[in-house]
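> for reference, the sequence and a predicted model appear below.
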Amino acid sequence: LKTLSQGLGEVYTPAVEAAWVEIYGTVQKYMLEGAESPEGVQAAQAYRARLQQAGGEGTVQIVRCTWQAVGGDTAAVAKLFYSNLFASEPELSSTLFKGIDMVVQGEKLMSMIGVAVAKLEEPDVLLPALRQLGVRHAAYGTLPAHYPVVGRALLKTLSQGLGEVYTPAVEAAWVEIYGT
């Protein structure tokens with residue numbers, strides 16, 4: 001709601017807020033129903049199994065520690081990430097991100113990664129949030145082909161931010177968690 005309020009300015013009225021609260025409540029209700037459905041429970045179990053297969057706690061610990069190490073100056077990390085993203089796919093800056101306040105977008109990105117990293121061991125919380133994020137990004141025009149590009153930009157940013165700490169084990173942990 002805060003983002004909508006900032007983005008819409010004077011157009012953001014109590015009626016607009018009430019409408020978004022109602023819509024979000026409906027979306028959340030159905031997402032939670034999906035997460036609690038047999039398919040959702042199965043997806044959460046599959047996620048836990050992948051996490052365990054990838055080294056389980058070790059993988060999560062590596063991702064958490066390295067994110068904490070690069071996350072000190074989130075504005076700088078976000079700027080570096082988008083620099084890497086646009087260097088690899090220049091057209092994204094004039095399509096998906098055209099007219100977007102990149103400082104605000106960077107804050108959103110860093111916040112979402114931080115939340116995702118914090119909730120890695122809580123798939124019942126994380127997976128519905130990621131699904132909702134995927135739906136929102138699809139509405140913005142994000143295509144399935146963009147996700148690997150973002151993953152590569154993230155890995156490059158981590159590599160640059162971590163320096164010598166970015167080892168093959170660190171890369172493997174992030175690849176496992178992100179899915180790139």
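Good, I have the coordinates.
> all the helices of this protein, in order from the start?
Secondary structure of the chain (DSSP state H): helices at 2-8, 14-36, 38-53, 57-70, 74-88, 91-94, 102-118, 123-140, 146-162, 168-178.
> kindly reformat those helices as CSV containing mean pLDDT.
Output for those, formatted as CSV (pLDDT from 0 to 100):
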stretch, mean pLDDT
helix 2-8, 71
helix 14-36, 77
helix 38-53, 67
helix 57-70, 85
helix 74-88, 95
helix 91-94, 94
helix 102-118, 94
helix 123-140, 90
helix 146-162, 94
helix 168-178, 91
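> can I get these in TSV with mean neighbour count?
Just so you know, the C-beta spots here come from the backbone N, C-alpha and C atoms, and that holds for glycine as well. Below are these laid out as TSV (neighbours: other Cβ atoms under 10 Å):
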stretch	mean neighbour count
helix 2-8	11
helix 14-36	12
helix 38-53	13
helix 57-70	17
helix 74-88	17
helix 91-94	13
helix 102-118	15
helix 123-140	14
helix 146-162	17
helix 168-178	17
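> how about Val150: what's its closest non-neighbour residue?
Leu85 (6.6 Å; Cβ to Cβ, 6 or more residues apart in numbering).
> correction: Gly106
Closest to Gly106 by Cβ to Cβ, 6+ apart is Ala78, at 2.7 Å.
> isn't the one you found up against Met110?
Yes: at 5.3 Å, Ala78 counts as touching Met110 under the criterion of Cβ atoms under 8 Å.
> residues near Lys119, how many?
15 (other Cβ atoms under 10 Å).
> let me know the pLDDT of it.
Listed pLDDT for Lys119 reads 93.
> how about the residue nearest to Gly106, what does it touch?
102-103, 105-107, 109-110 (Cβ atoms under 8 Å, 6 or more residues apart in numbering).
> what about Glu121, neighbour count?
A count of nearby residues for Glu121, using other Cβ under 10 Å, gives 13.
> done for today, thanks.
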